[in-house]
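Peer 1: The following comprises the amino acid sequence and a computationally predicted model.
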Amino acid sequence: MLISMLLYSASALSAECVVLLHGLARTSSSMNELEQRLTNEGYYVANVDYPSRKKEIIKLSEIAINEGLSRCHEHASNPVNFVTHSLGGILVRQYYKNHPPEGVKRVIMLGPPNNGSEIVDTLKNLPGYDLLNGPAGQQLGTGDDDLPKHLGAVNFELGVIAGTRSINLILSTFLPNPDDGKVSVESTKVDGMCGFVTLPVSHPFLMQNDQVISEVINFLAYGKFRHESAINFCHNEHADGDL
């Protein structure tokens, strides 16, 4: 019994780590379904809560990602993967613009505003917007002065999942079609990504959708998406299997 417990403990400590980063004005609880599913797959999961409406993106990136990396290190879990929703993906890009991605295996972004959102362009100067979305929300426009345009190509293995269904038809009028109600499909793309797939899911529910989670699990394991609409750009020595 003691031997089996020690073996289990060693296995848990050696598992790959997945850091989960929620989106703007959300909390770590929004990633609970992903946390449970990935834990069941054998990963050690660090579901990080960070004050998304309190600080600018550069400060949030240091807070959130250092917290995730610290938790991975405490559990001796490596390599490190990231699964992010919306703003969480921008935090990863910001962080690894300034830090080498040592020990990072794969990153999956769900509905990331990699080129900003036209909704921010339209609404950021309206009364109450800053109160609801904070300093980070002000930085997510599509203009040349907005932060997404200054992050450059990614320097890690990245898969992007974009939603094509909207439950907010008013906000969708500000976006190029197709969109997920917050971010256009075109805006989720970024130079250097290894995989891209669109799924009929709206922005608030990407991280809870079974089909999305299935694609996340497949990309983490094999470095590619399996959906028939997926585009997999990068050759990967592990990308010859499938779940």
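Peer 2: That came through fine.

Peer 1: average model confidence for the lengthiest helix in the chain?
Peer 2: Longest helix of the chain, by residue count under DSSP state H: helix 57-74. Here helix 57-74 scores 98 as its mean pLDDT.

Peer 1: Alpha carbons only: can I get that helix in PDB?
Peer 2: Output of helix 57-74 as PDB, limited to C-alpha atoms (Å, rounded to 0.1, in the frame of the first residue of the first chain):
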ATOM      1  CA  ILE A  57      -1.700  44.000 -19.500                       C
ATOM      2  CA  ILE A  58       2.100  44.100 -18.900                       C
ATOM      3  CA  LYS A  59       1.500  44.000 -15.100                       C
ATOM      4  CA  LEU A  60      -1.200  41.400 -15.400                       C
ATOM      5  CA  SER A  61       1.100  39.200 -17.500                       C
ATOM      6  CA  GLU A  62       3.800  39.100 -14.900                       C
ATOM      7  CA  ILE A  63       1.300  38.500 -12.100                       C
ATOM      8  CA  ALA A  64      -0.700  35.700 -13.800                       C
ATOM      9  CA  ILE A  65       2.100  33.800 -15.500                       C
ATOM     10  CA  ASN A  66       4.600  34.000 -12.700                       C
ATOM     11  CA  GLU A  67       1.800  32.600 -10.400                       C
ATOM     12  CA  GLY A  68       1.200  29.700 -12.900                       C
ATOM     13  CA  LEU A  69       4.900  28.900 -13.400                       C
ATOM     14  CA  SER A  70       5.400  29.000  -9.600                       C
ATOM     15  CA  ARG A  71       2.700  26.400  -9.000                       C
ATOM     16  CA  CYS A  72       4.100  24.200 -11.800                       C
ATOM     17  CA  HIS A  73       7.500  24.400 -10.200                       C
ATOM     18  CA  GLU A  74       6.200  23.700  -6.700                       C
END
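
Peer 1: Run through the neighbouring helices and strands of the very next helix or strand once past it.
Peer 2: Going down the chain from helix 57-74, the next helix or strand is strand 80-85, by DSSP states H and E. With contacts taken as 3 or more CB pairs under 8 Å, 6 or more residues apart in numbering; DSSP states H and E, strand 80-85 sits against strand 17-21, helix 57-74, helix 87-98, strand 104-110, helix 210-222. Any C-beta I mention is one placed from the backbone N, CA and C, and that applies to glycine too.

Peer 1: Mind doing that once more with 6 Å?
Peer 2: Here strand 80-85 touches strand 17-21, strand 104-110, going by 3 or more CB pairs under 6 Å, 6 or more residues apart in numbering; DSSP states H and E.

Peer 1: Please name whichever of the ones you listed is nearest to Ser28.
Peer 2: Closest to Ser28 of the helices and strands packed on strand 80-85, according to CB to CB: strand 17-21, at 7.1 Å.

Peer 1: can you put the helices and strands packed on strand 80-85 in a markdown table and add distance to Pro176?
Peer 2: Shown next, in a markdown table, are the helices and strands packed on strand 80-85 (distance: least, CB to CB, whole Å):
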| stretch | distance to Pro176 |
| --- | --- |
| strand 17-21 | 26 |
| strand 104-110 | 19 |
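
Peer 1: So for Asp191, which of those sits nearest?
Peer 2: Closest to Asp191 of the helices and strands packed on strand 80-85 is strand 104-110 (CB to CB; 13.5 Å).

Peer 1: coming back round to it: same list (the helices and strands packed on strand 80-85) but as TSV, adding mean neighbour count and distance to Ile217.
Peer 2: Below are those laid out as TSV (neighbours: other CB atoms under 10 Å; distance: least, CB to CB, whole Å):
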stretch	mean neighbour count	distance to Ile217
strand 17-21	26	10
strand 104-110	25	10
